[in-house]
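Student: fold the following, please.
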Amino acid sequence: MNSSHLVGNFVRCLSTAALEQKVAVTNKHGESLVGVLHNAGSNKVVVLCHGFAASKDDSIFHDLVAALTKQGFSAFRFDFSGNGESEGEFEYGNYRKETDDLHSVVAYLKEKYDVTAIVGHSKGGNVVVLYASIYGDVPLVVNLSGRFYVEKGIEERLGKGFMDRINKEGYIEVRNKTGKVLYRVTKESLMVNTDMRAASLTITKECRIFTIHGSADKIVPVEDAYEFAKLIPNHKLHIIKKANHGYTSHRKQLSDAVVDLITSIKG
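Tutor: Numbering: from 1, shown residues only. Model (predicted):
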């Protein structure tokens with residue numbers, strides 16, 4: 001009896017492992033974007049997009065994958081170009097390129113799956129909103145803690161007068177505490193559509209946008225979430241009380257909110 005239980009557990013482990021498949025998608029620049037497909041046996045897939053200098057392996061996405069697959073949704077988490085395992089050079093900004101990366105992923109998945117929703121955290125939240133304004137081919141977009149006032153975030157990271165310094169030197173080098181160069185910021189990398197007001201106003205009513213934000217977010221103020229809610233025509237706002245930017249102590253509330261929003265959409 002004990003032996004049969006061991007065999008049963010072994011088979012279940014094998015079948016769970018088989019649900020995960022590493023996938024490489026080529027973007028429009030010929031770079032390989034590496035992702036992991038979690039096949040829950042459903043053709044409905046939710047695409048997960050990471051934030052600034054992050055990756056598909058952030059714990060927040062493992063928690064979301066577990067919640068989504070438990071409810072029968074397949075999930076795909078991937079690294080934007082220049083991040084994680086994907087090819088390309090890391091650059092600051094690059095909102096438009098990452099939006100195009102997401103489009104390459106969605107187009108690839110649509111060959112076999114119904115892309116039900118795209119979910120982005122932090123900078124990934126900005127990317128999915130921009131995606132909705134440019135492509136509009138995914139019916140449901142979930143913005144987790146995205147920044148409405150993008151220019152304010154750039155100034156907080158690079159300091160006041162950053163454009164004057166870039167214009168004078170050609171670039172800014174961002175270093176860590178030991179003086180190691182983490183990345184360069186060029187004028188080209190900032191010449192992107194970061195006007196979230198304009199993007200929000202061009203999203204059609206056919207696309208549903210959900211914004212989820214923590215009330216105790218010290219990286220992106222919760223006030224930014226209310227700005228999205230004011231402008232996007234088909235929008236729903238969900239504030240998680242006392243949650244920080246990474247939802248460190250509120251992962252269950254976050255996962256439940258995302259799943260509830262996605263399952264509430266019929267058809």
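Student: going forward, measure contacts and count neighbours with C-alpha atoms only.
Tutor: OK.
Student: and residue 229, what pLDDT?
Tutor: On pLDDT, residue 229 comes in at 98.
Student: typed the wrong thing, it's residue 167
Tutor: At residue 167, pLDDT is 86.
Student: pLDDT below threshold where in the stretch 51-200 of the chain?
Tutor: For the stretch 51-200 of the chain, the stretches flagged by pLDDT under 70 are 189-193.
Student: can you pull out the strands in it?
Tutor: Under the criterion DSSP state E, counting those that start in this stretch, the stretch 51-200 of the chain contains strands at 74-78, 114-121, 140-144, 171-175, 181-186.
Student: so can I have JSON lines of these showing mean neighbour count and distance to residue 29?
Tutor: Listed next are the strands of the stretch 51-200 of the chain as JSON lines, based on neighbours: other Cα atoms under 10 Å; distance: least, Cα to Cα, whole Å:
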{"stretch": "strand 74-78", "mean neighbour count": "27", "distance to residue 29": "17"}
{"stretch": "strand 114-121", "mean neighbour count": "23", "distance to residue 29": "22"}
{"stretch": "strand 140-144", "mean neighbour count": "26", "distance to residue 29": "25"}
{"stretch": "strand 171-175", "mean neighbour count": "15", "distance to residue 29": "23"}
{"stretch": "strand 181-186", "mean neighbour count": "15", "distance to residue 29": "19"}
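Student: turn those strands into a markdown table, columns for distance to residue 247.
Tutor: Formatted as a markdown table, these follow (distance: least, Cα to Cα, whole Å):
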| stretch | distance to residue 247 |
| --- | --- |
| strand 74-78 | 18 |
| strand 114-121 | 11 |
| strand 140-144 | 10 |
| strand 171-175 | 27 |
| strand 181-186 | 26 |
